[in-house]
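>>> give me coordinates for this.
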Amino acid sequence: MLQRIFTLPSNAKKNTLVKRPPRKGVIIGAGQVGLACSYSLLIQNTLDELVLVDINQEKLEGEVMDLLHGSPFIEPTVIKAGSLADGIGDNADVVIITAGSKRLPGENRLNLMQRNTELFKKLIPEVVRHCPDAILLIVTNPVDIMTYISLKLSNLPSTSVIGSGTILDTARFRYLLAEKLQIDPRSLHAYIIGEHGDSEVPVWSKVNISGMHLCEGGLEECTTAEQEFLHQIFKQVKNAGHEIIKRKGATSYAIGLGVNDIVKAILRDQNRVLTVSSLVEDFYGIKDVCLSLPTIINRYGIGRKVNFTLIETELQQLKHSSEVLHYAISQLKL
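Model prediction:
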């Protein structure tokens, strides 16, 4: 049938044609976050091949079937389901890990971290064995700690292990500020750094619109009314995840879009500045911890970190954030 429909060019033989390697990504974990990442990657034509892996094989096959049936509506992408042991993830450029446990009712944060650590002890060596050249993108929470654990378990260069970090917190910060200021959020620069969690830090001294600073000296230089106004915005940012989970059970769409931005920056060598989590070697004395700072992302994964200047208040808050993460890691059984 194929010979009747198609004709091979006369000056080429099928086995001598040069085929460029596809942009290939693997997502481990087909829950709400993993599927939101899949959907974002597909509709924005970020990959040539997408592989989904999940422990629940039947559900996984159903999700992949559903995605495949939408193929006529998007740019061509090969979509597969399977396991790393099948060789299905070989030659992957990026492995996105969303697999992990959710916090159980009444469970404390340390127990959740330990359960996810036990999962990663089995998962990360398998990922490295089957996808040795891939960049690891960790989305599983608590993301900064899981990124640090992944780095230690994988023995990969620190440039090859990235956490989604505060990319979502930063997006929420920009959205809420832009909404109040009545501008497009893409026209506003603002950053949340540190832990993706309760100790995250809003960098008020760097918020600017077209180079015009909102409060260059930090909140201290604002009036009492302005400080309260801005504090309420940050409170919304910090509590956004809890509010969404309370209403719909999980956050998914926004982090899916954020993960897509990270993957595009890697595969397209964009040298884009994003607030991802990665190993900090020495930033104002902070070291040996993974947390978020403005970082250049390109085909190598982590490129350079921006030499971000902070006012004293912000610096102390960032150091506190690093101490929170250091303490949490010290409590784990690695």
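
>>> wait, residue 153 touches residue 122, no?
No. Residue 153 lies out of contact with residue 122 (CB atoms under 8 Å); the separation is 9.6 Å. Backbone N, C-alpha and C define where each C-beta goes, glycine included.

>>> between those two, who's got more neighbours?
A direct count of neighbours by other CB atoms under 10 Å for residue 153 and residue 122 places residue 153 higher, at 19 against 9.

>>> for that one, what are its contacts?
Counting by CB atoms under 8 Å, 6 or more residues apart in numbering, residue 153 touches 120-121, 124-125.

>>> name the helix or strand for it, please.
helix 143-154 (DSSP states H and E).

>>> which neighbouring elements make contact with whichever helix or strand comes after that helix?
With elements assigned by DSSP H and E, the helix or strand that comes after helix 143-154 is strand 161-163. On a contact count with 3 or more CB pairs under 8 Å, 6 or more residues apart in numbering; DSSP states H and E, strand 161-163 meets strand 135-138, helix 143-154, strand 272-280, strand 289-298, strand 301-305.

>>> got a markdown table for these, with distance to residue 88 and mean pLDDT too?
Listed next are the helices and strands packed on strand 161-163 as a markdown table, based on distance: least, CB to CB, whole Å; pLDDT from 0 to 100:
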| stretch | distance to residue 88 | mean pLDDT |
| --- | --- | --- |
| strand 135-138 | 17 | 98 |
| helix 143-154 | 20 | 96 |
| strand 272-280 | 26 | 97 |
| strand 289-298 | 26 | 97 |
| strand 301-305 | 22 | 93 |
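
>>> out of the ones you listed, which is the most enclosed?
strand 135-138 (a mean of 26; mean count of other CB atoms under 10 Å).

>>> partner strands of that one and their direction?
strand 94-97 (parallel), strand 161-163 (parallel) (DSSP bridges).

>>> which residues sit against that strand?
93-97, 124, 127, 146-147, 150, 154, 156, 160-164, 259, 262-263, 266, 277, 301.

>>> can you tell me the helix or strand for residue 76?
Going by DSSP H and E, residue 76 is not in any helix or strand.

>>> coming back round to it: the inter-axis angle of the helix holding residue 153 versus strand 272-280?
Computed by axes from the mean of the first three to the mean of the last three CA atoms, to 10 degrees, the angle separating helix 143-154 from strand 272-280 equals 60 degrees.

>>> relative orientation of helix 143-154 and strand 289-298 in degrees?
Going by the same axes, to 10 degrees, helix 143-154 makes 80 degrees with strand 289-298.

>>> leaving out chain neighbours, which residue sits closest to residue 199?
residue 321 (4.0 Å; CB to CB, 6 or more residues apart in numbering).

>>> my guess is that neighbour meets residue 291, correct?
Yes. With contact defined as CB under 8 Å, residue 321 and residue 291 form a contacting pair (6.3 Å).

>>> mind listing the shared neighbours of those two?
Joint contacts of residue 321 and residue 291 (CB under 8 Å, 6+ apart) are 193-195.

>>> name the member of those with the most neighbours.
When these are compared by neighbour count (other CB under 10 Å), residue 194 ends up highest, at 31 neighbours.

>>> what about the closest residue to that residue other than its chain neighbours, helix or strand, and which?
Closest residue in space to residue 194, ignoring its immediate chain neighbours: residue 321 at 3.4 Å, by CB to CB, 6+ apart. Using DSSP H and E, residue 321 sits within helix 312-330.

>>> now that helix against strand 272-280, angle please.
50 degrees.

>>> tell me the buried residues in helix 312-330?
314-315, 317-319, 321-322, 324-325, 328-329 (16 or more other CB atoms under 10 Å).

>>> right, and out of those, which lies closest to residue 111?
Within these, the smallest distance to residue 111 is 11.9 Å, found for residue 328 (CB to CB).

>>> okay, and the beta partners of the spatially closest residue to residue 24 that is not a sequence neighbour?
Among residues not flanking residue 24 along the chain, residue 49 sits closest, at 4.4 Å (CB to CB, 6+ apart). When bridges are called by DSSP bridges, residue 49 pairs up with residue 24, residue 78.

>>> pLDDT at residue 49, what is it?
According to the prediction, residue 49 has pLDDT 96.

>>> what is the burial count for it?
By other CB under 10 Å, neighbour count at residue 49 equals 19.

>>> ditto for residue 48
When neighbours are counted by other CB under 10 Å, residue 48 comes out with 17.

>>> residues contacting it?
So, once contact is read as CB under 8 Å, 6+ apart, residue 48 ends up touching 22-24, 76-78.

>>> how about a cut-off of 10 Å?
20-25, 75-78, 93, 267 (CB atoms under 10 Å, 6 or more residues apart in numbering).

>>> in ChimeraX, select just the buried ones from those.
To isolate the buried members of the contacts of residue 48 in ChimeraX, using 16+ other CB under 10 Å:
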select :23,24,25,77,93,267
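
>>> in the stretch 51-200 of the chain, where is pLDDT below threshold?
For the stretch 51-200 of the chain, the stretches with pLDDT under 70 are 103-110.

>>> in what helix or strand does the residue nearest to residue 176 when sequence neighbours are not counted lie?
Spatial nearest neighbour of residue 176, chain neighbours left out: residue 233 (5.1 Å); criterion: CB to CB, 6+ apart. Using DSSP H and E, residue 233 falls within helix 224-248.
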